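> What shape does this take:
(2 chains)
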Amino acid sequence: MYVEKGNGLSILLKFGKLNENKRPTIWESDMADRNRESSLTRRSVLKVGTAMSAMPLLGIAAPSVLAQAPTKSPTKVLDFMTNADMAKAEQEGQLVFYCHENEAGTAGIMEGFRKDFPKINTSYVRAQTGALYNKILSERSAGRFDVDVIQLSDLAPAVDFQKKGGYEHYVSPESPAYNADHLSTPNGYFFWTGVDPAGIAYNSTKVSAADAPKGWQDILNPRWKRSISCKISASGLQFVQWYMLRKLYGAGFWKEFAKQNPHAFDSRVQLFDRLAKGDDLITAIGEYPAYILFKDKGAKVEFVAPADGLVATPLIVGAVSKAPHPEAAKLFVDWAMSKRGQAWYQTNPNLYYGSVRTDAPPMPTGVRLGDLKLLYPADWDDYAANRDVFAKEWNGMLGL
Amino acid sequence: MRSEKSTISVQTMAGYGVAAVAAVLVLYPMFFLLQASLDVGDPQARPPTAYGFDNFNGIFQYPQILLNTLTVSVAATVMALVFGFIMAWILTRTNVPGRDLFEQLMAVPYYLTPLLGALAWSLLGSPESGFINQIWRALGGSNHLIDINTAYGIAWVMALFEGSVAFVMIAAVMKSMDPSLEEASQIIGASRLRTMLRVTLPLVLPGVLGAAIFVFAEMLGSFAAALVLGLPSRYYVITTAMYQMVQQYPPKVQIAAAMGVSLFAVMFFMLFLYRRIVMAGSYVTITGKAFRPRVTDVGKLRYVFFGICLLYLFAAVGLPLATLLYASLQKIAVAFPAAGNWTLENFRIAVTMNAVRSALTNSLLLGLGTATLGVVLMGLLAWLIYRSPLRGRGLIEYVVMFPQAVPRLVFAFGLMWAWVVFPIPIYGTLWLLLIAYLTVFLPLGVRTIAGVMLQIDKSLEECAQMCGASWAFRIRTVTIPLLVPGLIAAWLLLFIASIRELGASILLMGPHSKVITPSIVESWFGTSSELTAALAVIQTLVVAIAMIVLVTVTRRVGARPVE
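Next up is the predicted model:
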């Protein structure tokens, strides 16, 4: 697997299929991690430095990466490896999951884990990434530690949470199957459990293929005024789209978009629900997984992949520090990273995430994530620094 | 025999104890709400680093939201009063067939909740996909017949489902009015319509005015319908804007709190006005002459009135429930589904979701807990306020009625901050929701019980006292047995109110304390409308079954003769 940087704005991911037999051993992976960490960039030094200095925030003791006690040998559970103590995890008997995903998707993730581990009950809270992150920060600042694992749809709060010492440091034995770019720096805080790419989607009964938008700039066509949708400011993917298209087309792009009086919603399902019923003609942020879901239902919707690329956000999973059920949290992280968990994420109709696992099979449509031209921020730090600018502009556009 | 002094002492201590509990429940969260609204320092810092009034100035950055709130509230109040007045007049003054049954059925929209109504009417009246508009276009119409995502659409749903309150208040006024005045009007040749407009209406106008102010205050704090129907068209009112501001990242908590406090101030003033109107003797419509409310024979018109009653209940109950069921059985809800569009998949997914797996059970448990504890607490408070010689009971009444003036969502703000820093770890548990419910339902419970309590002659208690019965003995053997029917009614009311609660719960739920109504809202935000409809159908069924069981049980208890 390699990463090809585009014009400085995008990263085009291409996946070479890694032979199962050539999967690196844990030792090899550790070496790879060390090699990666040895070639430190200024950014990674800053990240670790900031992370270490900010640990006492929220009353959380700094987890010492270097002084971490050696973990016991991983054990095989079902068909994946874990460092979690299975007996203890089952004794804990509970997993509390905070997730950005829509209700059915979050329930779907928990359903998959519960099927494999029926002795562990699951409960969850779902909200968009921004709202979820507010919630967990408020709770922790008040000394409440109720959550075991968190999944966010935005790298910026994940990095911030890492800096605040919010994640438990746990290096999964499944992490060798991931490229370093899809793991936290250093490894062990979070990983990319999938990628959510989005293009433009339209209602094919009300908009002909000829009239449909072809590229991102077509969403500014006055024809779509009051019949175009987008997501709210708490969405991680919406932030990525705002950031990337602003880089591509300038700050005026979104000012023009505001004139369209878009309808904004919380989840991709709401966007496609309205699209399928004709309440909106197009959505400016049509997520590919939702497109597949609605096509399966027989909805008259079509997907457009703009030539400049699909905006994409990583879906970030990590075990939380001071978790009430730490072994269950580790087990979940390993399960989610494993081929088994990734297959669940990738094939569940309410999820359909694109897996970045190096040995991941294609998505249910036959498309591999590597076949898509994806637009990610090239500089995640600059991206994170723009969060407030985005929120102000986006909320202002929506009258809030 | 105990001395009178010790009796008073026990009574006084118990009284002040209960009053103190009520005061803590109400005032402790209000302190945090006020604190947040005056916090102009670092939003992340707690306690606030600086205080000021800038947040209140900030409200005026949103003139559109203020205007929207006013528009929706006025429109909803007018519609609710029209519905309430017409229904109250028909059911109290005419011989419409089945009037007793209709009077009971008028409470059903209240039980069904504005949220379910809004979900159903969203499916019915969205400009493009609404079933009514689809049928309209199929019949040759163009564009759309109705648009529910407008101020008037929101007001329509609020009036349909919260209009029951207007009906109850206006019906009470009409029942207390001397019918001989109407009869006199008709005798001298006025038509029924003229009598209604020139005699009935002016007579009940003060009562209607009181109801109008009360209903307007309710509408100002209303949340569910504006959330479901306003968001698609970016039509925010204060409560939904506050909710959105808290959900944003970064959140605008301080300005949301300032909005909440301002809303509270307006509602407090409105309710103060309502109280003044109700208390003012000059507006009493009951004369000193004894009379019995009588109904007028309206001839064949009664069938028209029967149709009007049916139409109201159809719009508020039958149509919404049928719509939700119809949508829940489809992959993509449309008015004219193809054969392949039918599915039970929504119900299959629904049972994997927290909303059904735990939220329903939690809601039922909370309903039982709130109703049982509430009846005890609120019964004692009602007795203290209206029957005891306790000093300062007027002040207790004000404290107890305080939550009436605070929108539940606003109250939940204060509760959230109050209990997150509380040393006992109840944040994120069902206990917090129980406390929240007991607090926000104080006015409802106390008023319901007080209504019955005031009908019981005080001399019965005094008689027991003269016979030497202690305070506790009097309460147990005289007051409570006489109050049983009222207490059962209050218990059922609190049970239902708990299960349908949304505003306070939506901010206070945790992973282990999901409850059903906010879970449905979450589902609406995050899943398809068909799946949300399935959840709403399941909730309605479970609550209906619970109600049937409870009513059967309580009727048996209530039917037992008092010894």
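
> Please count neighbours and contacts with C-alpha atoms only from this point.
OK.

> How many neighbouring residues does A:Glu375 have?
Quick fix: residue A:375 reads Leu, not Glu. 24 (other Cα atoms under 10 Å in any protein chain shown).

> What does it show for phi and psi?
Dihedral pair for A:Leu375: phi -100, psi 110, per degrees, to the nearest 10.

> The helix or strand where B:Tyr110 lies: how far from the chain's middle?
Using DSSP states H and E, B:Tyr110 maps to helix B:108-112. Centre-to-centre, helix B:108-112 and its host chain are 10 Å apart (Cα atoms, centre = their mean, to the nearest Å).

> ok, then the element right after it?
helix B:114-125.

> Return the set of buried residues in that next one.
Buried residues in helix B:114-125, counted by 16 or more other Cα atoms under 10 Å in any protein chain shown: B:114-125.

> next one: that helix to chain centre, how far?
Centre-to-centre, helix B:114-125 and its host chain are 17 Å apart (Cα atoms, centre = their mean).

> So which residues make contact with that helix?
B:129-133, B:146-149, B:154, B:157-158, B:161-162, B:224-225, B:228-229, B:316, B:320-321, B:323-324, B:327, B:517, B:533, B:536 (Cα atoms under 8 Å, 6 or more residues apart in numbering or on different chains).

> how about the residues of the stretch 1-150 of chain A near chain B?
Contact residues, the stretch 1-150 of chain A versus chain B (Cα under 8 Å from any Cα of the partner chain): A:96, A:101-104, A:107-108, A:111, A:123-125, A:130-131, A:133-134, A:139, A:142, A:144.

> For A:Phe257, see how far away B:Pro179 is.
Distance from B:Pro179 to A:Phe257, counting by Cα to Cα, to the nearest Å: 63 Å.

> just A:Phe390 next, same as before
Distance from A:Phe390 to A:Phe257, by Cα to Cα: 14 Å.

> now B:Ala497: how far from chain A?
B:Ala497 sits 24 Å away from chain A, going by Cα to the nearest Cα, to the nearest Å.

> same thing with B:Met13?
Distance of B:Met13 to chain A, given as Cα to the nearest Cα: 35 Å.

> That residue: which element?
Judged by DSSP H and E, B:Met13 forms part of helix B:4-37.

> what do you get for A:Ala158?
Going by DSSP H and E, A:Ala158 is part of helix A:155-163.

> Run the chain-centre distance for that helix.
Distance, centroid of helix A:155-163 to centroid of chain: 12 Å (Cα atoms, centre = their mean).

> any idea of the mean pLDDT in the helix or strand that that helix is followed by?
Sequence-wise, the next helix or strand downstream of helix A:155-163 (DSSP H and E) is strand A:191-203. Averaged across strand A:191-203, the pLDDT comes to 95.

> Report whether strand A:191-203 contacts chain B.
No: Strand A:191-203 lies out of reach of chain B by Cα under 8 Å from any Cα, never closer than 12.2 Å.

> Show me what secondary structure element comes after that strand.
Sequence order places strand A:228-231 as the next helix or strand after strand A:191-203, per DSSP H and E.

> Output that following strand as PDB - backbone C-alpha positions only.
Below are the C-alpha coordinates for strand A:228-231, written out as PDB (Å, rounded to 0.1, in the frame of the first residue of the first chain):
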ATOM      1  CA  ILE A 228     -30.600  21.200  -2.000                       C
ATOM      2  CA  SER A 229     -29.400  19.700   1.200                       C
ATOM      3  CA  CYS A 230     -26.300  19.500   3.300                       C
ATOM      4  CA  LYS A 231     -25.400  18.500   6.900                       C
END
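
> which phi and psi does B:Ser470 have?
Torsion angles, degrees, to the nearest 10, at B:Ser470: phi -70, psi 170.

> got it, and B:Thr552?
phi -60, psi -50.

> I'd like the average pLDDT over stretch B:420-439.
In this model, stretch B:420-439 has a mean pLDDT of 85.

> can it be found next to chain A?
Yes: legend: contact between stretch B:420-439 and chain A by Cα under 8 Å from any Cα is shown at B:420-421.

> got the contact list for that stretch?
By Cα under 8 Å, 6+ apart, stretch B:420-439 touches A:139, A:142, A:144, B:22, B:25-26, B:362, B:366, B:369-370, B:373-374, B:403, B:412, B:415-416, B:419, B:498, B:504-505, B:508-513.

> end-to-end on it?
Here the two ends of stretch B:420-439 are set 17 Å apart, with distance taken as Cα to Cα.

> Tell me the bridge partners for A:Asp196.
When bridges are called by DSSP bridges, A:Asp196 pairs up with A:Thr313.

> Against A:Phe257, how distant is it?
On the measure of Cα to Cα, A:Asp196 and A:Phe257 end up 22 Å apart.

> Excluding chain neighbours, what is closest to the closest residue to chain A within the stretch 301-450 of chain B?
Proximity of the stretch 301-450 of chain B to chain A (Cα to the nearest Cα) peaks at B:Met353, 5.4 Å away. Computed as Cα to Cα, 6 or more residues apart in numbering or on different chains, the closest residue to B:Met353 that is not its neighbour in sequence is A:Ala107, at 5.4 Å.

> in what helix or strand does that neighbour lie?
Assessed by DSSP H and E, A:Ala107 sits inside helix A:103-116.

> Starting from the very next helix or strand once past that helix, tell me which strands it pairs with and how they run.
Downstream of helix A:103-116, the first helix or strand assigned by DSSP H and E is strand A:121-126. The pairing partners recorded for strand A:121-126 under DSSP bridges are strand A:94-99 (parallel).

> of A:Asp196 and A:Phe257, who's got more company?
Neighbours per residue (other Cα under 10 Å) separate A:Asp196 from A:Phe257, with A:Asp196 holding more: 23 against 19.

> Helix or strand with the lowest mean pLDDT in chain B?
helix B:354 (a mean of 66; mean pLDDT, DSSP states H and E).

> on that earlier part again, which neighbouring elements make contact with the helix holding A:Ala107?
With contacts taken as 3 or more Cα pairs under 8 Å, 6 or more residues apart in numbering or on different chains; DSSP states H and E, helix A:103-116 sits against strand A:121-126, helix A:339-347, helix B:516-526.

> what's the angle from the helix holding A:Ala158 to strand A:191-203?
Calculated by axes from the mean of the first three to the mean of the last three Cα atoms, to 10 degrees, helix A:155-163 forms an angle of 160 degrees with strand A:191-203.

> returning to what we had before: packing partners for the helix or strand following the least confident helix or strand of chain B?
From helix B:354 onward toward the C-terminus, using DSSP H and E, the following helix or strand is helix B:360-386. Packing partners of helix B:360-386 (3+ Cα pairs under 8 Å, 6+ apart): helix B:4-37, helix B:393-401, helix B:430-440, helix B:442-453, helix B:480-500, helix B:516-526.

> okay, the ones you listed, which one's buried deepest?
helix B:516-526 (a mean of 25; mean count of other Cα atoms under 10 Å in any protein chain shown).

> Can you list the neighbours in contact with that one?
Here helix B:516-526 makes contact (Cα under 8 Å, 6+ apart) with A:101-104, A:265-270, B:115, B:354-356, B:359-360, B:362-363, B:499-502, B:505-506, B:531-532, B:535-536, B:539.
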